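1. Dropping a prediction and its sequence here:
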Amino acid sequence: NEQGKYVIEPKFRMMIPDEDKYLVKIEYVSWGWCDASGNMINKKHFEGARLFNGNDLAPVKVDGLWGYADLNGKIRIEPQFVEAYSFNDGENAVVIDKKTSLRGLIDTRGKWVMMPEYSDLYLIPGKNKYMVEKSYGFACRQSNGKYIMPFIGRTIDDDMMKDFLGLTRYAVATSDYIEM
């Protein structure tokens, strides 16, 4: 704090702020959440965990696979993914399927919203739209399945992604886009 005193005694290997709680690394391979006083919130610890980011579920790693747990540590979506990311506005999360190693989108019940068929899948912030990439190019798709920009036959790098996001905002703002 401002007086140089510990608010939470140093007992964790790492602490990452997550709104009114902290994601903490307890040991080398053990993660959980503590409150603002340093008290553990969940009894169960995980191999890996990510932030809640304002959602009711957070990605957790169990036996080498990712699923989702609530703040008490109760598994809500069984670990079944190679990789899992935080939910976007409590609705959808990008995951990597263990069978195909491709990215898809699930809802908070673990049901597929977009089947895992993309080599990459990025959220376009604030739009409920996603940039999807396959080996032959990229497109813009809504989570309801509609393509709002068809596949363009090229891959994408960081600079192209910035251009893509600008183009998408322009296209959506002017209604000058193709629906498929």
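-> Happy to help now that I have it. The structure presented is a predicted model; accordingly, all values stated were derived computationally and were not measured.

2. Now do the buried residues in the longest strand that the chain contains.
-> Taking DSSP state E as the assignment, the strand of the chain that covers the most residues is strand 75-84. When neighbours are counted by 16 or more other CB atoms under 10 Å, the buried residues of strand 75-84 are found to be 77, 79-82, 84. Yep, even glycine has a C-beta here, placed from its N, CA and C like the rest.

3. Could you tell me which strands that strand is paired with, and in which direction each runs?
-> As defined by DSSP bridges, the strand partners of strand 75-84 come to strand 65-69 (antiparallel), strand 92-97 (antiparallel).

4. Throw the ones you listed into CSV and include mean pLDDT and distance to Ile148, thanks.
-> Written out in CSV, the entries for these read as follows (pLDDT from 0 to 100; distance: least, CB to CB, whole Å):
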stretch, mean pLDDT, distance to Ile148
strand 65-69, 97, 28
strand 92-97, 90, 16
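
5. quick one, which of those strands is nearest to Phe52?
-> Closest approach to Phe52 among those is made by strand 65-69 (9.8 Å; CB to CB).

6. With only the CA atoms kept, save the closest one in CSV.
-> Listed next in CSV are the C-alpha coordinates belonging to strand 65-69 (Å, rounded to 0.1, in the frame of the first residue of the first chain):
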residue,chain,number,x,y,z
LEU,A,65,-6.6,-30.3,-21.2
TRP,A,66,-8.5,-27.0,-20.8
GLY,A,67,-12.1,-26.6,-19.6
TYR,A,68,-13.9,-24.0,-17.5
ALA,A,69,-14.6,-23.6,-13.8
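
7. Residues in a beta bridge with Phe46, which ones?
-> According to DSSP bridges, the residues that bridge with Phe46 are Trp31.

8. what's around it, how many residues?
-> The local packing of Phe46 (other CB atoms under 10 Å) involves 24 other residues.

9. I'd say it and Trp33 touch.
-> No. When contacts are counted by CB atoms under 8 Å, Phe46 is not listed as touching Trp33 (9.9 Å).

10. Would you point out the helix or strand in this structure whose mean pLDDT is lowest?
-> Across the helices and strands of the chain, mean pLDDT, DSSP states H and E gives its lowest value to helix 158-174, namely a mean of 48.
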